[in-house]
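>>> Coordinates for the following, if possible.
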Amino acid sequence: MPIPARSEYERLVYGLVDHSQVQISTLRLYSSSALTAIVEGELKLSNGLRLRILEVLDFRVGKIQNYSYAVYREAEKIRWYDPQPHPENPTLVPTFPHHYHEPPNIKTNRKPAVGISFDSPNFTTLIDDCSKLKTD
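This is a model prediction of the structure:
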């Protein structure tokens with residue numbers, strides 16, 4: 001699904017509270033100009049994990065311009081997703097530049113982020129990924 005118009009993306013953001021894995025959503029969509037917006041906030045998931053989301057959107061071109069997604073177990077960051085290019089790492093080529101970090105050695109342990117894109121909403125992929133993570 002491509003990045004929809006602003007009104008549809010707004011419905012998507014505020015509708016996440018109805019997702020079966022989401023207990024609480026503090027996500028908000030803020031206009032930064034007539035054709036751009038920022039999505040910021042957190043999803044508390046039914047498995048106890050928290051997903052912090054920051055997206056910068058350009059509805060003129062229909063793309064996520066930048067993002068930061070981080071997964072927390074209580075106060076511990078256990079995974080984060082980012083689009084910082086690492087062309088030196090051949091294992092990341094399939095999803096370049098999208099990848100995530102996870103333990104051990106969370107800063108340097110990078111894995112391809114299948115399903116994460118600048119061209120479509122990432123919420124379902126993120127929630128699905130989090131539902132597969134150990135919560136203890």
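
>>> residue boundaries of the helices in the protein?
Listed in chain order, the helices of the chain (DSSP state H) span 6-15, 123-131.

>>> Contacts for the last one, please.
Read it as helix 123-131. 12-13, 16, 19, 21-22, 43, 45, 47, 49, 51, 53, 69, 71, 79, 81, 100, 114-116 (C-beta atoms under 8 Å, 6 or more residues apart in numbering). Every C-beta, even on glycine, is put in place using the N, C-alpha and C of the backbone.

>>> again with the longest one
Taking contacts as C-beta under 8 Å, 6+ apart, the residues outside helix 6-15 that touch it are 3-4, 25, 27-29, 35, 37, 39, 57, 59, 121, 123.

>>> Give the buried subset of the residues you listed as a ChimeraX selection command.
Applying 16 or more other C-beta atoms under 10 Å to those, the buried members can be selected in ChimeraX as follows:
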select :3,25,27,29,37,39,57,59,121,123
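
>>> Where strands are concerned, which of the contacts of helix 6-15 count?
Within the contacts of helix 6-15, residues falling in strands by DSSP state E are 25, 28, 29, 37, 39, 57.

>>> Look up how far residue 34 lies from residue 133.
Distance, residue 133 to residue 34, by C-beta to C-beta, to the nearest Å: 38 Å.

>>> Kindly report the same for residue 48.
39 Å.

>>> Repeat that for residue 111.
According to C-beta to C-beta, residue 111 and residue 34 sit 37 Å apart.

>>> Contacts only, for the most centrally placed residue in the chain.
What sits nearest the mean C-alpha location of the chain, by C-alpha atoms, centre = their mean, is residue 69, with 4.3 Å. Going by C-beta under 8 Å, 6+ apart, residue 69 touches 51, 52, 53, 54, 80, 81, 82, 116, 122, 126.

>>> cool, and residue 63?
3, 57, 118, 119.

>>> can you list these in JSON lines and add pLDDT?
What follows is the contacts of residue 63, written out as JSON lines (pLDDT from 0 to 100):
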{"residue": "3", "pLDDT": "93"}
{"residue": "57", "pLDDT": "98"}
{"residue": "118", "pLDDT": "98"}
{"residue": "119", "pLDDT": "97"}
